[in-house]
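Novice: here's a sequence, model it:
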Amino acid sequence: MQMNERIAICPGSFDPITFGHIDIITRASAMFDKIIVVVMKNNNKTSSFSSEERKEFIIKSVGDLKNVEVDVYDGLLADYAKQKNACAIIKGLRAMSDFEYEFQMALTNKKLNPQVETIFLTTSAENMYLSSSMVKQIASMGGDISEFVPGSILQEISNRLKKNK
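Specialist: As a prediction, the model looks like this:
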């Protein structure tokens with residue numbers, strides 16, 4: 001680690017990663033010295049892909065960004081940020097409906113780790129409607145998800161989700 005390196009954490013379930021996630025990660029990578037995209041476990045969601053599969057999808061999707069690394073963590077985000085000496089947590093917002101939950105999480109993380117700030121990035125207009133849940137629903141019904149996920153992971157995602165139908 002460099003002295004005064006600005007590290008940000010970009011957490012999510014990424015089940016699967018979409019162009020919306022990639023947009024936020026790419027923009028954040030221009031703002032910080034290092035971005036750690038971390039696959040977090042969400043106990044309120046049932047995942048379609050294992051944490052390691054999601055990690056590999058992210059690597060295939062943003063591997064060309066030299067200051068981005070990918071990790072998996074099953075614990076408190078505030079603790080992870082502290083372990084990694086991160087100064088910020090990056091969260092993408094699609095709509096006001098995302099904000100209430102994310103704002104509550106930001107305040108909680110600040111209480112647990114006062115050294116970390118949460119930064120909200122609004123998604124690009126073309127991705128406002130996009131969610132992993134929507135991608136999974138379309139794919140499970142045999143729909144075309146090529147407009148929503150990178151080609152490098154398209155077939156793997158489509159094949160898995162069609163099997164789960």
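Novice: give the buried residues for the longest helix belonging to the chain.
Specialist: With secondary structure taken from DSSP state H, the chain has its longest helix at helix 96-112. By 16 or more other CB atoms under 10 Å, the buried positions in helix 96-112 come out as Asp98, Glu102, Met105, Ala106, Asn109. The way it works is simple: take the backbone N, C-alpha and C, and place the C-beta from them, glycine included.
Novice: which strands and helices sit next to that helix?
Specialist: Applying 3 or more CB pairs under 8 Å, 6 or more residues apart in numbering; DSSP states H and E, one finds that helix 96-112 makes contact with helix 77-83, strand 88-93, strand 117-122.
Novice: out of those, deepest packed?
Specialist: Across the helices and strands packed on helix 96-112, the average number of neighbours (mean count of other CB atoms under 10 Å) peaks for strand 88-93, which reaches a mean of 22.
Novice: which residue ranges of the protein form strands?
Specialist: Assigned by DSSP state E, the chain shows strands spanning 7-12, 34-40, 68-73, 88-93, 117-122.
Novice: name the helices or strands packed onto the first one?
Specialist: Counting contacts by 3+ CB pairs under 8 Å, 6+ apart, strand 7-12 is packed against helix 19-29, strand 34-40, helix 77-83, strand 88-93.
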